[in-house]
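**Student:** Here you go, sequence then predicted model.
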Amino acid sequence: MRHKQSGFTLIELVIVIVILGLLAATALPRFIDITRDARIASVQGLAGGLRGAASLAKSQFLVTGSSAATSVIMDGVTVNTNLSGYPTAEADGIVKAMQGVDGYGVTHSGAAITGSSDFRPVNGGSATCRAVYFATTGTVTVDSNC
């Protein structure tokens, strides 16, 4: 009597392992880039928040009708502004207007009313991975070379 053995042969197992290895080798680099993609998305999200905060401060400035105001009240928080109504590039300006920049290091350069503020992720990335707020025009640029 012949007894039929069930299971996989060695060659079948080797082929399956090789195929899984090839799939892992092609998929792994894509998973490694997920961290970079997440950092870029985070910086772009922060830039959107900065644009919104600057627009809200400018709107509040225009609603008050005073062209000489140096601050506005946003949700109970006093935010320093320049004479154009945009938040200043300092902790009491755009940072307060954002009301939360957790996970980002902020450096301010130039005069508060005409300078800029750099927002960089603290969890890594290159030196050019940042969102930059310009107080003079209230604009935000994104350098997503993370």
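**Tutor:** Yes, it's here. Residues are numbered from 1 along each chain as shown.
**Student:** Quick check: next helix or strand after the helix or strand harbouring Ile17?
**Tutor:** If you go by DSSP states H and E, Ile17 is part of helix 10-64. As assigned by DSSP H and E, the chain's next helix or strand after helix 10-64 is strand 71-74.
**Student:** Now do the buried residues in that following strand.
**Tutor:** Buried residues in strand 71-74, counting neighbours by 16 or more other CB atoms under 10 Å, are found at 71-72, 74. Every C-beta, even on glycine, is put in place using the N, C-alpha and C of the backbone.
**Student:** out of those residues, who's nearest Asp143?
**Tutor:** Met74 (26.8 Å; CB to CB).
**Student:** And the pLDDT for Asp33?
**Tutor:** Listed pLDDT for Asp33 reads 72.
**Student:** same question, His3
**Tutor:** pLDDT at His3 comes out at 69.
**Student:** Stretch 5-13 spans what distance, first to last residue?
**Tutor:** The first and last residues of stretch 5-13 sit 16 Å apart, counting by CA to CA, to the nearest Å.
**Student:** Mind listing what's buried along that stretch?
**Tutor:** Quick answer for stretch 5-13: no buried residues (16+ other CB under 10 Å).
**Student:** ok now it, how far from the chain's centre?
**Tutor:** Distance of stretch 5-13 from its chain centroid, counting by CA atoms, centre = their mean, to the nearest Å, is 51 Å.
**Student:** what does stretch 53-70 give?
**Tutor:** 26 Å.
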